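Asks: Make a model of this:
(2 chains)
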Amino acid sequence: QQQVKQSPQSLIVQKGGISIINCAYENTAFDYFPWYQQFPGKGPALLIAIRPDVSEKKEGRFTISFNKSAKQFSLHIMDSQPGDSATYFCAAKTGANNLFFGTGTRLTVIP
Amino acid sequence: GAVVSQHPSWVICKSGTSVKIECRSLDFQATTMFWYRQFPKQSLMLMATSNEGSKATYEQGVEKDKFLINHASLTLSTLTVTSAHPEDSSFYICSARFEGGYNEQFFGPGTRLTVL
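Replies: The predicted structure is shown next:
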């Protein structure tokens, strides 16, 4: 059973556009929701994370929107750049427990 | 801060041989480290949780006799793939959990294993 569902599987965005990736979860005990960025042949790198007591967190061009009642959270990349082309994974966990990853979204930003 | 290294970054070995991959937390101590496997265009699959000074906890379906994990110190965990076969070829990634705060996991750069 997939603990965290992620969509879309792939996304193509024009340079300067907004990239939006969505995730949904079922376990209401999750209390930490990070997003990871992974380039080919590299390990995932923490991009931004949110806890369920806030509805939005912004860091530079990256924003997480969190909807606790709908059990959904999304990553918005503003002014998308070709250098943002990578695979993005959402994840969730409870306390010090294991991370549950989404299936990943391959983002391509075309010039 | 919070840097995790892996060595080697890639390795090619012959079928039947064993390969050891090291995972080090460079600037923090990690009681717990994790080992993941990733197939092309797929998500990370947790293989095992490595705890310093105790036996690793393996996920269902992961052969513990094939994937030996040793967490000998607070900064080093090793994964040994024993009697490797071509189907073991994959991208192996470790992470180390930072104790405190949100108990973040910081990931290593990964090791590409190719078994001929």
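
Asks: any idea how far residue A:29 is from the most centrally placed residue in chain B?
Replies: In chain B, the centroid-proximal residue (CA atoms, centre = their mean) is residue B:35; its distance is 3.5 Å. Separation of residue B:35 from residue A:29 (CB to CB, to the nearest Å): 24 Å. Every residue, glycine included, has its C-beta placed from N, CA and C.

Asks: Residue B:53 now?
Replies: 28 Å.

Asks: Next: residue B:11.
Replies: 39 Å.

Asks: Look at those two and report which has more neighbours.
Replies: Neighbours per residue (other CB atoms under 10 Å in any protein chain shown) separate residue B:11 from residue A:29, with residue B:11 holding more: 17 against 10.

Asks: Next up, identify which helix or strand the more buried one is on.
Replies: strand B:10-13 (DSSP states H and E).

Asks: list the buried ones in that strand?
Replies: B:11, B:13 (16 or more other CB atoms under 10 Å in any protein chain shown).

Asks: Test my guess that the residue nearest to the centre of chain B contacts residue B:79.
Replies: Yes - using CB atoms under 8 Å, residue B:35 is in contact with residue B:79, at 5.2 Å.

Asks: overlap in contacts of the two?
Replies: B:23, B:47, B:67, B:69, B:92, B:94 (CB atoms under 8 Å, 6 or more residues apart in numbering or on different chains).

Asks: Can you lay out the residues you listed as TSV showing secondary structure, pLDDT and distance to chain A?
Replies: Listed next are those as TSV, based on DSSP: H, G, I helix; E, B strand; the rest coil; pLDDT from 0 to 100; distance: CB to the nearest CB, whole Å:
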residue	secondary structure	pLDDT	distance to chain A
B:23	strand	97	10
B:47	strand	96	11
B:67	strand	97	17
B:69	strand	95	15
B:92	strand	98	10
B:94	strand	97	8
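
Asks: Neighbour-wise, which one of these leads?
Replies: residue B:94 (31 neighbours).

Asks: and the nearest residue to that one once chain neighbours are set aside, what are its bridge partners?
Replies: What sits nearest to residue B:94 in space, not counting adjacent residues and going by CB to CB, 6 or more residues apart in numbering or on different chains, is residue B:23, at 3.4 Å. Listed by DSSP bridges, the beta-bridge partners for residue B:23 are residue B:6, residue B:77.

Asks: Contacts only, for residue B:23.
Replies: Here residue B:23 is in contact with B:4-6, B:33, B:35, B:76-79, B:94, B:96, B:108 (criterion: CB under 8 Å, 6+ apart).

Asks: Please pick the buried ones from those residues.
Replies: Going by neighbour count (16+ other CB under 10 Å), those have B:4, B:6, B:33, B:35, B:76-79, B:94, B:96, B:108 buried.
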